[in-house]
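Participant: the amino acid sequence is not available; the structure is as follows:
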């Protein structure tokens, strides 16, 4: 549900669900991912580029495609259209 609201760019519902996730989810990796995605989509973060590039090395193609997409969004947030386009293409190719 959280990712659905991300892609719908519904910041209000995402923020509410993020609060619920923070209160109820004990698994640190799920919480980290939710916080990361919220920051990328709604706070224009570019803080996770290197982390996601490293994770891509060990993932399957569908997961790599999503990481590449999230990296492209961060480059857009940085106003780096060259790298944003590069990672959009990687994402499309892997899907």
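Facilitator: Sure, I can see it. Computed from a predicted structure; not experimentally measured.

Participant: show me where the protein has helices.
Facilitator: All helices of the chain, identified by DSSP state H, fall at 2-7, 11-24, 28-42, 49-56, 61-77, 81-94.

Participant: most tightly surrounded among those helices?
Facilitator: Highest mean neighbour count of these: helix 61-77, a mean of 19 (counted as mean count of other C-beta atoms under 10 Å). The way it works is simple: take the backbone N, C-alpha and C, and place the C-beta from them, glycine included.

Participant: tell me how far the closest residue to residue 2 other than its chain neighbours lies from residue 67.
Facilitator: Nearest in space to residue 2, with sequence neighbours left out and distances taken as C-beta to C-beta, 6 or more residues apart in numbering, is residue 17 at 4.8 Å. With distances taken as C-beta to C-beta, to the nearest Å, residue 17 is found 21 Å from residue 67.

Participant: got it, and residue 78?
Facilitator: For residue 78 relative to residue 67 (C-beta to C-beta), the value is 17 Å.

Participant: also residue 33?
Facilitator: Residue 33 is 11 Å from residue 67, by C-beta to C-beta.
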